[in-house]
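In: build me a structure from this.
(2 chains)
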Number of protein chains: 2
Amino acid sequence: MRPVAVIGVGRTPFGVFPDRDLRSLAVEAGRNCLENAHLAPSQVEAFYLGNFAGPAFVGQNHLAPYVGAALGVTGVPATRIEAACASSGSAFFHAFSAVAAGLYDLVLVVGVEKMTSQPSPRVAEILASAGDLSGEIKAGATFPALFAMIARRHMHQYGTRREHLAAVAVKNHANGAKNPYAQMRKLITLEQALAGKPIAEPLTLYDCSLVSDGAAAALLAPLERASEFTDQPVRVAGVAQTSDHVALDEKDDITTFVAVKQAGQKAYRMAGVGPAEIEFAELHDCFTIAEIIALEDLGFVKPGEGGPYSAEGFTALTGPKPVNASGGLKAKGHPVGATGVAQICDVVMQIRGQAGQLQLPRHSLGLAQNLGGSGATAVVTILRAA
Amino acid sequence: MRPVAVIGVGRTPFGVFPDRDLRSLAVEAGRNCLENAHLAPSQVEAFYLGNFAGPAFVGQNHLAPYVGAALGVTGVPATRIEAACASSGSAFFHAFSAVAAGLYDLVLVVGVEKMTSQPSPRVAEILASAGDLSGEIKAGATFPALFAMIARRHMHQYGTRREHLAAVAVKNHANGAKNPYAQMRKLITLEQALAGKPIAEPLTLYDCSLVSDGAAAALLAPLERASEFTDQPVRVAGVAQTSDHVALDEKDDITTFVAVKQAGQKAYRMAGVGPAEIEFAELHDCFTIAEIIALEDLGFVKPGEGGPYSAEGFTALTGPKPVNASGGLKAKGHPVGATGVAQICDVVMQIRGQAGQLQLPRHSLGLAQNLGGSGATAVVTILRAA
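Out: Purely as a prediction, here's the structure:
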């Protein structure tokens, strides 16, 4: 395994773009990324596309060559990876693995989703296809309902309170308000968050991430070649993907995601660091409770301590362990297939010192955690200044 | 790159199975495969699932951990790959690459599709999502229509005749009739094939592959460890995946698939053999014209000679270059996400001497060619006795 670097990133803003189609978003992010690394499309040796439900959202399948050819990338392996909301985190994992193993030198990863062209009930139905249709979904669950059950159990087991959940929303809104790529740039107060429209008790509107259009991209290369393309390479210090059962009822304990724990442990081992050394993180806050549990599963705090830790400001921009400086899925937006690579873009931009108003004082070692469904897929990536 | 072997294969029959769901088919093939290699699910280090359109056909997405966990495979990377009808060929390519590069030792690949629970017009619509919805499909094309245009042009350019197409159908039906795993076990005559119900001129019903349910699986390991699991390892001598434009109208010449040519050349180079040495092949006959073009693109014959070569019996079971001894997609069936791995199962069973009534006299070096859409993805795999 040779050292691997991110040599370029690219993205679109996240938002509601009625006049943009899936391909144009993916191509914009991909082109920005190629330009960022001064690379021609013909130099790309393999292409990975992360996308969850393009066929359902916009009717188009066979998306990897569809996007790849529009970017000018043909004649190479072009592969779509689907892993629910961890689709592009998984695509990044596989792209990294291929470069680390010496299969290719220059690999492009794009994540994309175009969700807002469907009406809300259909969006909920499409998202639910990441759960177990033969069980939990057939029984009436949607993802807000599944995460409401998770939140309820976490409250019961650890005394987590609605104020803890709301504190995560307030923080992520505050961060998103400063992020030019974010969909939701609106400050909210704790009172507003608590008084949000109920979605699935105890989750209110402000506990839920957004329905979004958007794309993000990253280019990988062997570290030893990185200087040909950028003077700001970012090293992929560790990355791991693991899996678990899809259905919530098949899990022993729904207050933790075993796959996240396992992926975190593997990524830490590969990077030779522990949670204490991670300076900042982008965590998969599809719901506020998910950010709290991620803090625990990744070892930033002990089980049950994620809520108070968040409410006390430890994860704020100015705290000792900033989480979701980008605004997270909550405020930046959550075009599901784009999210994993977008998190990596955010970490890379921090490490490069290009995060603008969101720039953190300590920004040399960051982590991104991408979750699929209610924990059946997890990808954890650790990046550091090269 | 270290040598890699297929150490086990498993499959379901292909057919119309109203009482079987997608997961049970995938699990059956996966279990058969694990048993074939005497492997426990807990030994699997990575899992790849090839599936084209489970979300559209049966509503279930996030399929890799969904199937993996049901097989007893959790805590490892479980990844779904979608590449239209080349989904599981691509999954096999990536699984091979990972083992060859030393990322894992024991990797399971399953391909699955459950198509027959949807009515025919919806099946056609779902299949069409592998084409370009913004162009050719919007203009009214379906896959039979696209391949009809390809056939028309091939006829115009090379003098290929309907009798040549029909000869492919007659041969594949004859082979399928002897295959216990085949969906269509019915002999047809040339007259019947020519008089088939018109689908898209010049293609009749007998020029088109089937709508099917089914699954297939393969287990990969480093060649040096193969003897721990089987006394009949089959070496993956060469494998390549390449890509091209999705839309037919973006291609310079629709009588050839550039991606197939490129993948073939790469696979031949890797295997150190040429087309003349390949003893038998499973080619992607989604339509009869596709088998004829594959013969040409893979260098078995010169451009334009595929039709006469087929009609003269060279590709028959008793011919010098048997093609689709299994019956092919035409008679064995074409559950699209399963097809790529099923072809590999067929080649492996030939090499092992386990092909029953279909056993070929020369069976030590075989090729499988898997096509996505109208040629935007191609995977070519060359297997030999270890």
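In: which residues does the closest residue to chain B within the stretch 151-300 of chain A bridge with?
Out: In the stretch 151-300 of chain A, the residue that lies nearest chain B is A:Ser243 (3.7 Å; CB to the nearest CB). All C-beta spots, glycine's among them, are computed from the backbone N, C-alpha and C. Counting by DSSP bridges, A:Ser243 is bridged to A:Thr377.
In: surely it touches B:Phe47?
Out: Yes: using CB atoms under 8 Å, A:Ser243 is in contact with B:Phe47, at 7.4 Å.
In: tell me, what's touching these two both at once?
Out: Shared contacts of A:Ser243 and B:Phe47 (CB atoms under 8 Å, 6 or more residues apart in numbering or on different chains): B:Ala64, B:Gly68, B:Val73, B:Val76, B:Pro77, B:Ala78.
In: please identify the helix or strand for A:Tyr66.
Out: Element membership for A:Tyr66 (DSSP states H and E) is helix A:63-71.
In: give me the residues contacting that helix.
Out: For helix A:63-71, using CB under 8 Å, 6+ apart, the contacting residues are A:22-23, A:26-27, A:30-31, A:34, A:41, A:47-49, A:51, A:54, A:60, A:74, A:76, A:78-80, A:108, A:110, A:112, B:82-83, B:132, B:243-246, B:250, B:372-373, B:376-377.
In: any bit of the next helix or strand after that helix sitting next to chain B?
Out: Beyond helix A:63-71 on the C-terminal side, the first helix or strand identified by DSSP H and E is strand A:78-82. Yes: Strand A:78-82 lies within reach of chain B by CB under 8 Å from any CB of the partner chain, at A:Ala78, A:Thr79, A:Arg80, A:Ile81, A:Glu82.
In: look up how far A:Ala385 lies from A:Asp231.
Out: 12 Å (CB to CB, to the nearest Å).
In: overlap in contacts, those two.
Out: With CB under 8 Å, 6+ apart, A:Asp231 and A:Ala385 have no common neighbours.
In: ok, the two, which is more surrounded?
Out: Per other CB atoms under 10 Å in any protein chain shown, whichever of A:Asp231 and A:Ala385 has more neighbours is A:Ala385, with 16 against 7.
In: tally of neighbours for A:Glu35?
Out: 11.
In: narrow the contacts of helix A:63-71 to those that are buried.
Out: For the contacts of helix A:63-71, a burial check counting by 16 or more other CB atoms under 10 Å in any protein chain shown picks out A:22-23, A:26-27, A:30-31, A:34, A:41, A:47-49, A:51, A:54, A:60, A:74, A:76, A:78-80, A:108, A:110, A:112, B:82-83, B:132, B:243-246, B:372-373, B:376-377.
In: tell me the phi and psi of the residue most central in space within chain A?
Out: Closest residue to the average C-alpha location of chain A: A:Gly340 at 3.4 Å, with CA atoms, centre = their mean. In terms of degrees, to the nearest 10, the main-chain angles of A:Gly340 are phi -60, psi -50.
In: name the element the nearest residue to it once chain neighbours are set aside belongs to?
Out: Leaving out its chain neighbours, the residue that sits closest to A:Gly340 by CB to CB, 6 or more residues apart in numbering or on different chains is A:Gly89, at 2.8 Å. For A:Gly89, the element it lies in under DSSP H and E is helix A:87-100.
In: on that earlier part again, of all the residues of strand A:78-82 next to chain B, which comes closest to B:Ala218?
Out: Using CB to CB, A:Thr79 is the member of those that sits closest to B:Ala218, with 17.7 Å.
In: give the contact list for that closest one.
Out: A:Thr79 is in contact with A:Ala46, A:Phe47, A:Tyr48, A:Leu49, A:Ala64, A:His94, B:Ile81, B:Ala83, B:Ser90, B:His94, B:Gln241, counting by CB under 8 Å, 6+ apart.
In: including pLDDT and distance to B:Pro308, could those residues go into TSV?
Out: Shown next, in TSV, are these (pLDDT from 0 to 100; distance: CB to CB, whole Å):
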residue	pLDDT	distance to B:Pro308
A:Ala46	98	38
A:Phe47	98	38
A:Tyr48	98	41
A:Leu49	98	40
A:Ala64	98	36
A:His94	98	43
B:Ile81	98	37
B:Ala83	98	32
B:Ser90	98	32
B:His94	98	37
B:Gln241	98	30
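In: what is the burial count for A:Glu312?
Out: A:Glu312: 12 neighbours (other CB under 10 Å).
In: what does the model give it for pLDDT?
Out: Note on A:Glu312: pLDDT of 98.
In: and what of A:Ala95?
Out: Model confidence at A:Ala95, given as pLDDT, is 98.
In: that one: what's it in contact with?
Out: Applying CB under 8 Å, 6+ apart, the residues near A:Ala95 are A:Ala46, A:Tyr48, A:Val107, A:Leu108, A:Val109, A:Ala218, A:Leu220.
In: repeat for A:Ala26
Out: Here A:Ala26 is in contact with A:Leu49, A:Leu63, A:Val67, A:Ala70, A:Leu71, A:Val110, A:Val112, A:Ala215 (CB under 8 Å, 6+ apart).
In: same question for A:Ala86.
Out: A:Gln241, A:His284, A:Gly340, A:Asn370, A:Leu371, A:Gly372, A:Thr377, A:Ala378, A:Val379.
In: is the closest residue to it other than its chain neighbours bridged to anything, and to what?
Out: Of all residues not flanking A:Ala86 in the chain, A:Gly372 sits nearest, at 3.4 Å (CB to CB, 6+ apart). Going by DSSP bridges, A:Gly372 is paired in beta bridges with A:Thr377.
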